[in-house]
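**Q** Just need the structure, nothing else, for what follows:
(one chain, ligands or ions: 1)
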Amino acid sequence: MSGSVTVIGLGPGDPRYLTPAAAEALDTAEDLIGYLPYVARVPERPGLVRHASDNRVEVDRARHALELAASGRRVAVVSGGDPGVFAMAAALFEALEAGDPAWRSLPITVEPGITAMLAAAARVGAPLGGDFCAISLSDNLKPWDVITARLKAVLAADLVVALYNPISRARPWQLGAALALAAEHRAPGTPVILARAVGRPDEAIRILPLAEAREAEADMATLVMIGASATRLIPREGEAPFVYTPRSVAR
Ligand code: SAH
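**A** Just a heads-up that it's a prediction; the model follows:
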């Protein structure tokens with residue numbers, strides 16, 4: 001078998017946030033697989049076959065990538081942000097685990113990317129300076145009960161919480177429920193960051209107190225970050241404040 005699979009993180013949107021290693025892997029690929037908006041971010045070139053899908057079943061897409069690689073093709077699978085964060089890399093390994101044992105001898109590599117949480121944090125200051133966690137609010141792949149149990153645990157542990165997949169047309173109420181839970185554990189003034197389309201032309205970032213965040217609009221392209229008790233603002237004249245979480249915690 002001379003084929004291979006590279007799972008590539010494209011970063012949040014700005015092409016300057018694509019790593020040189022990821023760019024190199026894209027340059028040498030023969031097949032490009034991914035969800036349509038991500039495939040669209042990779043410039044067309046002769047010799048690159050594009051398999052953009054609107055299929056949300058990621059494991060099907062991953063199986064397709066492995067089949068192509070087994071037939072000798074050099075395949076690039078693309079995700080936005082980092083491919084290991086709520087994205088294609090885990091789907092690929094799920095397909096590998098369940099699939100043809102011969103696939104296990106294929107060269108499979110993962111090229112990291114800048115995940116939305118890190119890109120959003122950098123825009124506002126240093127909200128992830130202390131301990132933090134990331135939770136996907138999507139209940140497509142796990143029950144809502146599990147999500148709320150995890151949220152309660154990390155809110156009680158006083159971690160900064162980054163919420164991926166906060167809302168969609170099919171899931172309109174989950175973000176409001178998550179922020180209501182947060183309000184049970186955190187002060188009303190706790191900074192909440194709503195970072196939309198970071199690194200894209202329509203980027204919009206809002207910093208709101210928790211008490212007002214529930215009314216704020218968010219969509220599928222938004223990353224929501226709820227501060228810990230120590231997360232604070234540095235106000236500035238005529239500019240958005242900086243948000244940061246000190247690294248030290250009193251003994
Ligand atoms: N692999 C991606 C995350 C996929 S889950 C990554 O590492 O970033 C999809 C969710 O990621 C979206 O619902 C949104 O919450 C977040 N997201 C992805 N790109 C984003 C961007 N440019 N700005 C803000 N949030 C983004």
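
**Q** for the residue in the stretch 51-200 of the chain positioned nearest to the ligand, which residues make a bridge with it?
**A** Nearest residue of the stretch 51-200 of the chain to the ligand, counting by Cβ to the nearest ligand atom: residue 81, 2.0 Å away. Glycine gets a C-beta too; all of them are placed from N, C-alpha and C. Bridge pairing for residue 81 (DSSP bridges) gives the partners residue 11.

**Q** Next, the contact list for it, please.
**A** 9, 10, 11, 12, 87, 113, 114, 115, 116, 119 (Cβ atoms under 8 Å, 6 or more residues apart in numbering).

**Q** Report the two of these separated the most.
**A** Across these, the longest distance by Cβ to Cβ is 14.4 Å; it joins 87 and 119.

**Q** what about these two, which has more around it?
**A** Taking neighbours as other Cβ atoms under 10 Å, residue 87 and residue 119 compare with residue 87 leading, 24 against 21.

**Q** gap between that one and residue 81?
**A** 7 Å (Cβ to Cβ, to the nearest Å).

**Q** between these two, what contacts are shared?
**A** Joint contacts of residue 87 and residue 81 (Cβ under 8 Å, 6+ apart) are residue 9.

**Q** What residues sit buried inside stretch 196-211?
**A** Under the neighbour-count criterion of 16 or more other Cβ atoms under 10 Å, stretch 196-211 has 196, 197, 198, 199, 203, 205, 206, 207, 210 buried.

**Q** ok, and what's touching it?
**A** Outside stretch 196-211, the residues that reach it (Cβ under 8 Å, 6+ apart) are 11-14, 17, 116, 119-120, 123-124, 179, 182-183, 186-195, 216, 218-219, 221-223, 226-227, 233, 240-241, 243.

**Q** among the residues you listed, which are in reach of the ligand?
**A** Checked against the ligand using Cβ under 6 Å from any ligand atom, those give the following subset in range: 12, 13, 116, 120, 195, 221, 222, 223.

**Q** For the stretch 51-200 of the chain, which residues are neighbours of the ligand?
**A** Checking the stretch 51-200 of the chain against the ligand by Cβ under 6 Å from any ligand atom, the hits are 79-82, 85-87, 115-116, 120, 164-166, 195-200.

**Q** In helices, which of those residues fall?
**A** Counting by DSSP state H, the part of these found in helices is 116, 120.
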